[in-house]
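Student: this one's structure only:
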């Protein structure tokens, strides 16, 4: 079982729709939770991060974490064609010796259509 | 633009060869991370360096090695290359090595092994 599970999609929605992207994780040692956006053949771009259960909002994006159920969500309001990309959830934990390890889900491919 | 730079953008080589990928972190960042992204494995953590010292290891093959230099740039060396090593290689950087910190990714190097 992978430590971070994510539905690969693809997910296709009309412009203006609310998009819900979800991940689950299994390792209780994860402390930070991130969402990255990756356009085709580009580097992942950090969208949002949070370390506690609850919601965090930034413009059209809302990240939600439920540590009791080990569930991570990203909501995109008023989706735009420019939001078409692969969205990667990731969980970060500190390792023995002080290093960090970021574990990624497989990514969900999103297409927002006109 | 994350501020992380990687060279070269593309690399085509043959099996059995050795290549070196280069990364310059964001100004002021002390930690450098290397990741491999392939279609079947997704984005996998390879190794972390902090201020010149190895801090954490992930799924890095023995044929691969990395180092971080006094000016904080890092190199990933891949030797005895196999077809399966064809992938995108990303470098990321963050401010510190102790504790948790968000990582910012470079544009990647696309390696093709023929």
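Tutor: Sure thing, it's come through. Values in this document were obtained by computation on a predicted structure and should not be read as measured data.
Student: for chain B, which spans come out with low pLDDT?
Tutor: B:96-99 (pLDDT under 70).
Student: Residues of it that sit close to chain A?
Tutor: B:2, B:4, B:31, B:33, B:42-45, B:48, B:50, B:55-56, B:58, B:88, B:90, B:92, B:94, B:97-108, B:110 (CB under 8 Å from any CB of the partner chain). Any C-beta I mention is one placed from the backbone N, CA and C, and that applies to glycine too.
Student: buried ones in stretch B:19-38?
Tutor: For stretch B:19-38, burial by neighbour count (16 or more other CB atoms under 10 Å in any protein chain shown) applies to B:19, B:21, B:23-26, B:29-37.
Student: Among those residues, which one lies nearest to residue A:8?
Tutor: In terms of CB to CB, no member of the buried residues of stretch B:19-38 lies closer to residue A:8 than residue B:37, at 13.9 Å.
Student: For the closest one, what are phi and psi?
Tutor: phi -120, psi 120 (degrees, to the nearest 10).
Student: Contact partners for it?
Tutor: Going by CB atoms under 8 Å, 6 or more residues apart in numbering or on different chains, residue B:37 touches B:43, B:44, B:87, B:88, B:89, B:90, B:108.
Student: didn't the fifth one look like it was pressed against residue B:76?
Tutor: Yes. Counting by CB atoms under 8 Å, residue B:89 sits close enough to residue B:76 to count as a contact (6.4 Å).
Student: intersection of neighbour lists for the two?
Tutor: B:21, B:34.
Student: which residue ranges form the strands in chain B?
Tutor: For chain B, the strands defined by DSSP state E cover B:5-7, B:10-13, B:19-24, B:31-38, B:42-50, B:53-57, B:64-68, B:74-78, B:87-94, B:104-105, B:109-113.
Student: need the contacts of residue B:37 in a markdown table with neighbour count and distance to residue A:64, can you?
Tutor: Shown next, in a markdown table, are the contacts of residue B:37 (neighbours: other CB atoms under 10 Å in any protein chain shown; distance: CB to CB, whole Å):
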| residue | neighbour count | distance to residue A:64 |
| --- | --- | --- |
| B:43 | 23 | 22 |
| B:44 | 16 | 26 |
| B:87 | 22 | 32 |
| B:88 | 19 | 29 |
| B:89 | 24 | 32 |
| B:90 | 26 | 26 |
| B:108 | 24 | 29 |
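Student: okay, the residues you listed in CSV with distance to residue A:91 next?
Tutor: Shown next, in CSV, are the contacts of residue B:37 (distance: CB to CB, whole Å):
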residue, distance to residue A:91
B:43, 12
B:44, 14
B:87, 22
B:88, 21
B:89, 22
B:90, 17
B:108, 21
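Student: ok, the residues you listed vs chain A, which is closest?
Tutor: Nearest to chain A among these: residue B:43, at 4.3 Å, using CB to the nearest CB.
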